[in-house]
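> Build the 3D model from these lines:
(2 chains)
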Amino acid sequence: MEFTLGILVDNEAGVLARVASLFSRRGYNIQSLAVGPTEEPGTSWITLRAVGDDAVREQMQRQLDKLVEVYAVYHMAEGMSVERELALIKVRTGDRRHEVLQIAQTFRASVVDVASSTVVLETTGDSGKVQALLEVMAEFGVLEVARTGPVAMLRGADVLSEAQDPQRLSQAAHEA
Amino acid sequence: MRNGAQTLLDCLKEEGVEVIFGYPGGAVLPIYDALYDAPIRHVLVRHEQGAAHAADGYARASGKVGVCLATSGPGATNLVTGLATAHMDSTPLVAITGQVAHSLIGSDAFQEVDIVGVTRAVTKHNYMVEHARDIPRIVHEAFHIARSGRPGPVLIDIPKSVALERGDFPHPPGPPARRGYRVVGAPSESEVQAAAQAIAESERPLVIVGGGVVPAEAAAQVQTLLERIDAPAASTLMGLGAVSGHSRRHLGLLGMHGTFAANRATSHADLIIGLGLRFDDRVTGMAKHFAPQARILHFDIDRAEMGKTVRVDLPVLGDLRYSLPMLLDALPGELPGGAAEARAAWWSRIRSWEQHQGWNWATPMEVGGANGEPLRPQAVLQAVYKITRGDAVVVTDVGQHQMWTALLYPFRHTRQLITSGGLGTMGFGLPAALGAQTARPDESVWLVSGDGSIQMNLQEMATAANYRLPVRVVVINNHQLGMVRQWQELFHQERYSSVAMTDLPDYRLLAAAYGWRGLRVETEEELAEAMRIADAEQGPVILDVVVAPQENVFPMVPAGASLHEVLLEKPVPAQGS
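As a prediction, the model looks like this:
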């Protein structure tokens, strides 16, 4: 079972290594990891996706929470959060470019590069949508894929940086 | 104007540091230069691993933060086992390492190691200092992190160029502010109420005391709790001493080498009240079958320990120094009538299990050491107990002698037993004993070691001689790596592979070489005499006590078995097998 965590951290050297090693030392593979600065200087938001049951997820949340640079860990449960990822897909078009472009349009993917026998498509959406596009394009030949992994945000009016007690918010988020 | 190194020492002084265990080298030259004028003692160990263990022993014996110092590269990597030892047993340590100059970092310079990367998994937190102006903040934070909450080791890596940087580096005002680091304080009222309710409903409670009681200084409250609810207690290795080993309520150690009564009580209890422990595999046996009839209450300061290995029915997240008084307030003044009756029945079952108790400090036993019979190692522990009147600070190494110490020496105070529990680090003992003796110069510090363990940090004999640290070392010498031999005997069909310690040094000559007193002990008379000499000796002394080579530690719960499946002696193979 996959789960997504949102982790608010100090943007310091080594913080990613600390987060990653908590997973690797337990033999858990990280499926994807997206990191970027937030609205607050010195703070980064990590969206991390991994595989495990509720017990694994809870243990990882608690271990992450112990890291000095981590000040909040949220379970980005489905329904409670929105998730988007971006993918670049290089597709072999051969003499079927028209067909490829038509499908791309249906998926609202944009064409960001065109060569004589290939195109590069850009798509944004939840992971399911990206997966669906990849499956359709497999018929033509998917030559390369670069995915960001999802970034996620909690729905509603709760604002992370205003949370007085992030622990409580994360508790609420994963109990819901 | 001060440089970074001088600023570092100013900050250490401000944190109350009195002694540093260390070893100099190129990258820490500026720090040693600053130390030359600083009002802080330096103990020059003989190997950096010794510095880390000595700082750890000092911290465990005193309750203060232990500090060790090493140079870059090999100096720093030699600390790693010591940091891991402290990390597993949650002892507060600050390790300072030199690093190559900033301009050389990442170039594979001479004696360069990415020690922050190497120690990430064995520290509570670690730092590389980028600018000398950050030193006051980082040192202050490091000590705060090391000693608060669940304590642990923190490493600060300081490039030589930063140590030499000159300027005025003011201390930040106020307490350290890291919003990602929250110290757990009092538990929630509702969790305490639920715990009190469960205790009131329980007929067969068992309190399990862990090492978390030690930094919380909660031993007195534990005692009050035991009396109030009329419950028995068992201890983990790290918890020994919190409840007096002489108390009739104390069933002793539980787990792999726990007492019969402690393990049976765990298996039959209807309520486990866990205080500051992490339910590790040496305590629980097979976690799935741990305390099968019980609800489990877990009082701990670390949320990540709740339900990590065993199911926890009622967690109470909080610092025991607040949790226990709150619990005592929430409990009724005395047991209701029905509960008192149930408790009497529980105690009578426990007393019957105590019939199978095996040896303790007072059991009459054959000492051996006469008529060609070797001394029995258990009798040696009894002799240590007797000569020290139960008052010594006892340090151990790791192996059979460690378990005999835990089983046979009744500890009465926290910080009285100093032992590597979680990591099981052979070679911990001698340097940790030197640290403990440094922390408590007026007390008698005894190290119980083995012929395997003692050889792992033997070089620290020179440190003891150098600083006249009068540690008493008892080597339980069975000419074997006894614990490994025991496993090979019981679980590997007596195929003894690389466990014989042949060509051991003559410890008397070794003692003479290092300026120690050394005695060899083979008979009952020699044992008694050696104990008297060691007790009276003003300087360090080592007793080489030759004991029976085949003796095993019992009781024993085989690895992966449930606590119910305890061996009291070597099992006799079934007929025909």
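> neighbours of A:Gly52, just the number please.
Residue neighbour count, defined by other Cβ atoms under 10 Å in any protein chain shown, stands at 17 for A:Gly52. Where C-beta positions appear, they are placed from N, C-alpha and C, glycine not excepted.
> can you pull the contacts of it?
The contact partners of A:Gly52, by Cβ atoms under 8 Å, 6 or more residues apart in numbering or on different chains, come to A:1, A:3, A:28, A:60.
> What strand or helix carries the spatially closest residue to the second one that is not a sequence neighbour?
Closest residue to A:Phe3 in three dimensions, ignoring its sequence neighbours and counting by Cβ to Cβ, 6 or more residues apart in numbering or on different chains: A:Arg57, at 4.7 Å. Assigning secondary structure by DSSP states H and E places A:Arg57 in helix A:54-66.
> Nearest to the spatial middle of chain A, which residue is it?
Chain A has A:Pro150 as the residue nearest its centroid, 1.7 Å off, counting by Cα atoms, centre = their mean.
> sorry, back to before: enumerate the positions of the helix holding A:Arg57 that are buried.
Neighbour-count burial for helix A:54-66 flags A:56-66 (criterion: 16 or more other Cβ atoms under 10 Å in any protein chain shown).
> Look up how far A:Met1 lies from A:Leu22.
The gap separating A:Leu22 from A:Met1 is 19 Å, by Cβ to Cβ, to the nearest Å.
> Any buried residues in the one helix or strand in chain B whose mean pLDDT sits lowest, and which?
Every helix and strand of chain B was ranked by mean pLDDT, DSSP states H and E. The lowest is helix B:337-353, at a mean of 92. Going by neighbour count (16+ other Cβ under 10 Å), the buried part of helix B:337-353 is B:339, B:342-343, B:346-347, B:350, B:353.
> and B:Glu373, that's in a strand?
No: read with DSSP: H, G, I helix; E, B strand; the rest coil, B:Glu373 is coil and lies in no strand.
> can you pull the pLDDT of it?
pLDDT recorded at B:Glu373 is 91.
> And it, its phi and psi?
Per-residue torsions, B:Glu373: phi -80, psi 140 (degrees, to the nearest 10).
> what's the distance between it and B:Ala548?
Remark: distance between B:Glu373 and B:Ala548 (Cβ to Cβ) = 8 Å.
> Get me the contact residues on chain A for chain B.
A:9-10, A:13-14, A:17-18, A:21, A:25, A:55, A:58-59, A:62-63, A:65-71, A:167 (Cβ under 8 Å from any Cβ of the partner chain).
> Apply 6 Å and report the result again.
A:21, A:62-63, A:66, A:68-71 (Cβ under 6 Å from any Cβ of the partner chain).
> which one of the residues you listed sits closest to B:Gln111?
Using Cβ to Cβ, A:Ser21 comes nearest to B:Gln111 of those, at 24.7 Å.
> buried ones in the longest strand anywhere in chain A?
Counting by DSSP state E, the longest strand found in chain A is strand A:81-92. For strand A:81-92, the neighbour count (16+ other Cβ under 10 Å) marks A:81, A:83-91 as buried.
> need the contact list for residue 155.
Looking at chain A here, since you left the chain open. Going by Cβ atoms under 6 Å, 6 or more residues apart in numbering or on different chains, A:Arg155 touches A:Ser81.
> not quite, I wanted chain B
The neighbours of B:Leu155, taking Cβ under 6 Å, 6+ apart as the test, are B:95, B:119, B:123, B:126.
> out of everything not next to it in sequence, what's closest to it?
Spatial nearest neighbour of B:Leu155, chain neighbours left out: B:Asn126 (4.1 Å); criterion: Cβ to Cβ, 6+ apart.
> any idea how far that neighbour lies from B:Gly245?
Taking Cβ to Cβ, one finds B:Asn126 at 37 Å from B:Gly245.
> Then B:Arg264?
19 Å.
> same deal with B:Leu155?
Computed with Cβ to Cβ, the distance linking B:Leu155 and B:Gly245 is 35 Å.
> Over to A:Ala146?
64 Å.
> Pick out whichever of those two has more residues nearby.
Neighbour count, other Cβ under 10 Å: between A:Ala146 and B:Gly245, B:Gly245 has more, with 24 against 11.
> Name all residues that make contact with the nearest residue to the more buried one once chain neighbours are set aside.
Nearest residue to B:Gly245, sequence neighbours excluded (Cβ to Cβ, 6+ apart): B:Pro410, at 2.6 Å. B:Pro410 is in contact with B:245-246, B:361, counting by Cβ under 6 Å, 6+ apart.
> Let me have those residues in TSV, extended by secondary structure and distance to B:Val183.
As requested, those are exported to TSV (DSSP: H, G, I helix; E, B strand; the rest coil; distance: Cβ to Cβ, whole Å):
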residue	secondary structure	distance to B:Val183
B:Gly245	coil	32
B:His246	coil	35
B:Trp361	coil	38
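> Export these to TSV and append columns for pLDDT.
Output for the contacts of B:Pro410, formatted as TSV (pLDDT from 0 to 100):
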residue	pLDDT
B:Gly245	96
B:His246	95
B:Trp361	79
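> Among those, which one sits closest to B:Glu18?
Among these, and counting by Cβ to Cβ, the member closest to B:Glu18 is B:Gly245, at 30.8 Å.
> pLDDT score for the residue nearest to B:Gly245?
pLDDT, B:Pro410: 96.
> the helices in the stretch 151-300 of chain B, which residues?
With DSSP state H, counting those that start in this stretch as the criterion, the stretch 151-300 of chain B has helices at B:160-164, B:189-201, B:213-216, B:219-229, B:260-268, B:281-284.
> now the stretch 301-450 of chain B
With DSSP H, counting those that start in this stretch applied, the stretch 301-450 of chain B shows helices at B:320-330, B:337-353, B:377-388, B:400-408, B:429-439, listed in chain order.
> Now B:Gly515: closest residue in space that isn't a chain neighbour?
With Cβ to Cβ, 6+ apart as the criterion, B:Gly515 has its nearest non-adjacent residue at 4.2 Å, and that residue is B:Ala465.
> Now the one you found: phi and psi?
According to degrees, to the nearest 10, B:Ala465 has phi -70, psi -40.
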